[in-house]
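Visitor: predicted coordinates and the sequence they were generated for:
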Protein chains: 2
Amino acid sequence: MTTRADGTKLIDVARLAACSPATVSRVLNDNPSVGVEVRERVLRAAAELGYVPNGSARALRSMQTRLVGAVIPTLDHAIYATMVDSLQARLSEKHVSLILSTSMYDIDFEFEQVRLLIERGAEALILVGARHNPKTIALLNQRHIPYVLTYTFTADRPGAAIGFDNEKAGRTGARFLLDLGHRRFAMIAGITHDNDRAAGRVIGFLDELAKAGIARESVPVVEGVYNISAGAAAMKTLFSGAEHPTAVFCGSDILAAGAVKYCTESGLKVPDAVSILGFDNLEIAELTSPELTTLEVPAREMGRLAADHVMLSTMQRRHIHQRELSIRLVVRGSTGTAPT
Amino acid sequence: MTTRADGTKLIDVARLAACSPATVSRVLNDNPSVGVEVRERVLRAAAELGYVPNGSARALRSMQTRLVGAVIPTLDHAIYATMVDSLQARLSEKHVSLILSTSMYDIDFEFEQVRLLIERGAEALILVGARHNPKTIALLNQRHIPYVLTYTFTADRPGAAIGFDNEKAGRTGARFLLDLGHRRFAMIAGITHDNDRAAGRVIGFLDELAKAGIARESVPVVEGVYNISAGAAAMKTLFSGAEHPTAVFCGSDILAAGAVKYCTESGLKVPDAVSILGFDNLEIAELTSPELTTLEVPAREMGRLAADHVMLSTMQRRHIHQRELSIRLVVRGSTGTAPT
DNA sequence: TTGTAGGCGTTATCAC
DNA sequence: GTGATAACGCCTACAA
C-alpha cells in the first residue's frame, strides 16, 4: 500500500476558474445559487484538471460517506454472490459505494469486520442471518448505525429484516414430501454452527415431520459444507446403513446436486428409489438429471430491497422493520411419490 | 442514507485517560515511544467508551485509506465471485478493506465506477481484462494509482497483469480437439463486445485451426450471454444447419453445460456424436453428464496474487509487471475422438 | 450571486 | 515520554 500521491484539489480548480473555493464547492454540489457563467467556467476547469474530489475530506466535513458495508459468509456460494450483485447494482444507481467483507460463517470474525467497516465510514450495514455476536449488535446500536438482516425474517428492534422464515421453509419442504407419501426421511444440512439459516431449516423440517408422527430420532441429519462432493459424501453416509430414506431434504441445491450425483453413480434411481429436495433454486438446479425440485430463495430481490431500505431516510426507515419474502416451491424431476 | 450520528472521539478518550490527544493517537498507532502505564490507561479508556476511530479524518491527515477498489463485470458469475472472494480474504488479512463495483461488461460504465472508487479513496485498483476506456487508464496514471489487470496477461506499462493468455488458451483448446481427430468445429463464445477475454479465446481458437488447414469461414461462432439456456440455444443453432460440427469449444463451462444439456435433451450423444470443451473449470463442470473437459482458470490464485501485488510498496511493485499463470487442461468425459 | 473564515477528527512537527 | 499546535481538503454559516 502506498501513500496517495494525488494532485489537484478544489482550490486549484478555483484558481483556474478565477473564483473562490466556496463557489467551486457549490457548483460541485449542485447548489443552484450560482451564476450560469461561473458554473460553466468551474465545470470546464474541473474537467481540464481531471479533478476528483477527496472523499475523506468531504466525508469529514459533511458527515456523509455514501458508503454502505456488507458482511456476508462467503462469495464462493452463488446464493450470496447473487444477492451482493443486486445489492451493489442498486446502491450504485444512487452513487453509493459498497464496502464488502466476508465472515466465513464465523460470528466473532464477523464482529471484527463490522467494526472495521464502521471505522471505514459505512453509514449502514447489510448482514446475513439473525445470529450474531451480541457485541456486533451493541456496537451498531451505540453508533446508531442502521442495519438490515437478510435471509431471515427475525428482526431486531433497531435493525430490519428482509428475508424469509427458514423454519417455515423447512416445514414446507417436509409437508411437500409427506404429501408425496414418504415416511422415511433424512436431511443433508449445511453446517449449522453459527448459521441460524441452516439450523432453522433443520428445525422446521423435523418439527413438521414430528407433527405427522415421524420421530425425530428416526430422521438422520448429516451436515456438510456447501460443495458438491460433501453432498455426495453425505448421501453415501445415509445409504450406508440398513434403513434407507425414501426422501432426502437438502439445505442447499449444491448439496442436493451432490446427492443426485452420488445416486447416479451408484445406480440409485431418482426419484423412483429416493426423492431429493433442494433449496435455493440456483442455476445448477436445472443441470442435474433429473432436475432438482427445490425451494426458491429470492436472492436478487433481497439484495435490491436491502439497498432500498438502507437508503431510506431515518424517518422513513423507523417504521419499517421487517419484510417477509415468500419461498416458492419449484417442482421438477428429482421428487416423486414414495416407492410402495 | 443518514447523517452519521457518532459519538466518542479521540479527544474523549484522551480526557478519560487523562492525557493529550497526541498520546492517544500514538497508542492507537502502536508508536513505541509511550509509557507502559499511560498506554494501559488509554487502551482501557478506549475500550470503555467503545471508541472507533474516524477513518475519514485519519485518511485525510495521514493520506492513507487502507482501501482497495475492484471493478469486475459481475458477481453473478462464479469465475469472478470466486476471484473476489479470495481477493477480499487476502486483503482482510492485512486489514485492508475492499470497495467493490460491477461494470456489467461495459467499459464506459467501468470508467465511472473507477472514478467513483478513486473519489472514495481507493489506493489501488483491481480490474478485469486488458480492454478499458482510455480515460480509465489515463485517470489511473494521472493520479499515480497502482492497478492490476486480471484474467489477462497483457500488461500496461504503469499497470500490472496477473492472469493468463486467452489466445493461447484458445489455441490449446483447438490443439486438443485437433489431436482427437476432429475437422468440423464450432465455437460458442461469450459476448465479445468490450470483452477481450472472450474475444481472445475466439481468436486463438480460430488461429490454431487455421494453421491446421481449417478455414475460418467454416467455423461458426455463436455468441451467448453466460447462462445455461444461452448455451443450449447456441447449441441448437449450431445443429439446425446441414453441416454439424463434431467438436464445439465453449468460452465458459456455463455455456458448455447448456450445450451438453441441449444434447442430452435432443438425443445427441456426447462425446460420441459431438465433443464439448468448456472453459473455467467451475464446480458445475462435474455436474453434467458426461462431466466437462475444460480449461481451468486459476480464479482464487489470481485474487490472492492481485491482493499481494497491490499491497507491495511502490518500490517493490515497480519492477513486477506481469505474472503469467498457467491454464490447465482438465480432461473428463465430454470430449472424445472424432466420429469416423 | 459570491467570498471569507472556521472547523470536521486525526496525525505530524515541534517543543519541552 | 508527553503535550501544544498546525495542517489534511472540503463545506457552510455568515458577511458582503
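Guide: On my side now, so go ahead. What you see is a predicted model, and the numbers here were worked out from it, not measured in a lab. Numbers count the residues shown, from 1 in each chain, chains lettered A, B, ... in the order given.

Visitor: element containing the nearest residue to residue A:20 once chain neighbours are set aside, please.
Guide: Distances taken as CB to CB, 6 or more residues apart in numbering or on different chains put residue A:14 closest to residue A:20, at 5.9 Å, once the chain neighbours are dropped. Yep, even glycine has a C-beta here, placed from its N, CA and C like the rest. Element membership for residue A:14, per DSSP states H and E: helix A:10-17.

Visitor: average model confidence for that helix?
Guide: The average of the pLDDT scores along helix A:10-17 is 96.

Visitor: quick one on the thing from earlier: the residue nearest to residue A:20 against residue A:26, yeah?
Guide: No. Contact criterion CB atoms under 8 Å: residue A:14 and residue A:26 do not qualify, at 11.0 Å.

Visitor: hmm, back to that, pull the contacting residues for the residue nearest to residue A:20.
Guide: The contact partners of residue A:14, by CB atoms under 8 Å, 6 or more residues apart in numbering or on different chains, come to A:20, A:21, A:23, A:24, A:42.

Visitor: kindly recompute the last result at 10 Å.
Guide: A:20, A:21, A:22, A:23, A:24, A:25, A:27, A:42, A:45, A:46 (CB atoms under 10 Å, 6 or more residues apart in numbering or on different chains).

Visitor: confirm the last one sits in a helix?
Guide: Yes. Inclusion of residue A:46 in a helix is indicated when DSSP: H, G, I helix; E, B strand; the rest coil is applied.

Visitor: find the nearest non-adjacent residue to it, please.
Guide: Nearest to residue A:46 is residue A:13, by CB to CB, 6+ apart, at 5.0 Å.

Visitor: that neighbour: neighbouring residues, count only.
Guide: By other CB atoms under 10 Å in any protein chain shown, 27 other residues sit near residue A:13.

Visitor: separation between residue A:94 and residue B:125?
Guide: Distance from residue A:94 to residue B:125, counting by CB to CB, to the nearest Å: 22 Å.

Visitor: state the distance from residue A:335 to residue A:293.
Guide: Distance of residue A:335 to residue A:293, computed by CB to CB: 4 Å.

Visitor: and residue A:22, how many residues sit next to it?
Guide: 12.

Visitor: pLDDT on stretch A:287-299, on average?
Guide: Computed over stretch A:287-299, the average pLDDT equals 97.

Visitor: same question for stretch A:235-254.
Guide: For stretch A:235-254, the mean pLDDT works out to 96.

Visitor: next, the buried residues of that stretch.
Guide: Neighbour-count burial for stretch A:235-254, counted by 16 or more other CB atoms under 10 Å in any protein chain shown, picks out A:235-236, A:238-239, A:245-254.

Visitor: who in chain A is up against DNA strand C?
Guide: Near DNA strand C, the residues belonging to chain A are A:19-23, A:26, A:33-35, A:37-39, A:57, A:60-61 when assessed by CB under 7 Å from any atom of the strand.

Visitor: picking that back up, filter the buried residues of stretch A:235-254 down to just the ones in strands.
Guide: A:247, A:248, A:249, A:250 (DSSP state E).

Visitor: quick one: the helices in chain A, in order.
Guide: Assigned by DSSP state H, the helices in chain A fall at A:10-17, A:21-28, A:36-49, A:55-62, A:78-93, A:107-119, A:134-142, A:166-179, A:196-211, A:228-238, A:253-265, A:299-310, A:314-318.

Visitor: is chain B within reach of the helix or strand of chain A with the lowest mean pLDDT?
Guide: Least confident helix or strand of chain A, by mean pLDDT, DSSP states H and E, is helix A:314-318 with a mean of 80. Yes. Helix A:314-318 reaches chain B (CB under 10 Å from any CB of the partner chain) through A:314, A:315, A:317.

Visitor: if you skip the residues just before and after it, what's nearest to residue A:103?
Guide: residue A:110 (3.8 Å).

Visitor: so stretch A:118-128, near chain B or not?
Guide: Yes. Stretch A:118-128 reaches chain B (CB under 10 Å from any CB) through A:118, A:119, A:120, A:121, A:122, A:123, A:124.

Visitor: now the helix holding residue A:14 - C-alpha only, CSV.
Guide: This file holds the C-alpha atoms of helix A:10-17, laid out as CSV (Å, rounded to 0.1, in the frame of the first residue of the first chain):
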residue,chain,number,x,y,z
LEU,A,10,-10.7,22.1,-5.1
ILE,A,11,-8.6,25.2,-4.6
ASP,A,12,-6.7,24.5,-7.9
VAL,A,13,-10.0,24.4,-9.7
ALA,A,14,-11.0,27.7,-8.0
ARG,A,15,-7.8,29.3,-9.2
LEU,A,16,-8.2,28.2,-12.8
ALA,A,17,-11.8,29.2,-12.8
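
Visitor: quick check: buried residues in it?
Guide: A:10, A:12, A:13, A:14, A:16, A:17.

Visitor: so which of those would you say is closest to residue A:207?
Guide: Nearest to residue A:207 among the buried residues of helix A:10-17: residue A:10, at 61.3 Å, using CB to CB.

Visitor: quick one: the closest one from DNA strand C, how far?
Guide: 10 Å (CB to the nearest atom of the strand, to the nearest Å).

Visitor: what does residue A:276 give?
Guide: 54 Å.

Visitor: what about that residue, distance to chain B?
Guide: 14 Å (CB to the nearest CB, to the nearest Å).

Visitor: now do residue A:176
Guide: For residue A:176, the distance to chain B - CB to the nearest CB - is 23 Å.

Visitor: chain neighbours aside, what residue packs nearest to that residue?
Guide: What sits nearest to residue A:176 in space, not counting adjacent residues and going by CB to CB, 6+ apart, is residue A:329, at 6.1 Å.

Visitor: could you do residue A:312 as well?
Guide: Nearest one to residue A:312, counting by CB to CB, 6+ apart, is residue A:320 at 7.4 Å.

Visitor: per-residue pLDDT, that neighbour?
Guide: 77.

Visitor: was I right to think it contacts residue A:309?
Guide: Yes. Between residue A:320 and residue A:309 there is a contact at 6.9 Å, judged by CB atoms under 10 Å.

Visitor: identify the contacts common to those two.
Guide: Counting by CB under 10 Å, 6+ apart, the residues touching both residue A:320 and residue A:309 are A:160, A:162.

Visitor: neighbour count: these two, which is higher?
Guide: Per other CB under 10 Å, whichever of residue A:320 and residue A:309 has more neighbours is residue A:309, with 22 against 12.

Visitor: quick check, the more buried one in contact with residue A:163.
Guide: No. Residue A:309 is beyond contact range of residue A:163, at 11.6 Å (criterion: CB under 10 Å).

Visitor: are any of the contacts of residue A:14 buried, and which?
Guide: Applying 16+ other CB under 10 Å to those flags A:23, A:24, A:25, A:27, A:42, A:45, A:46 as buried.
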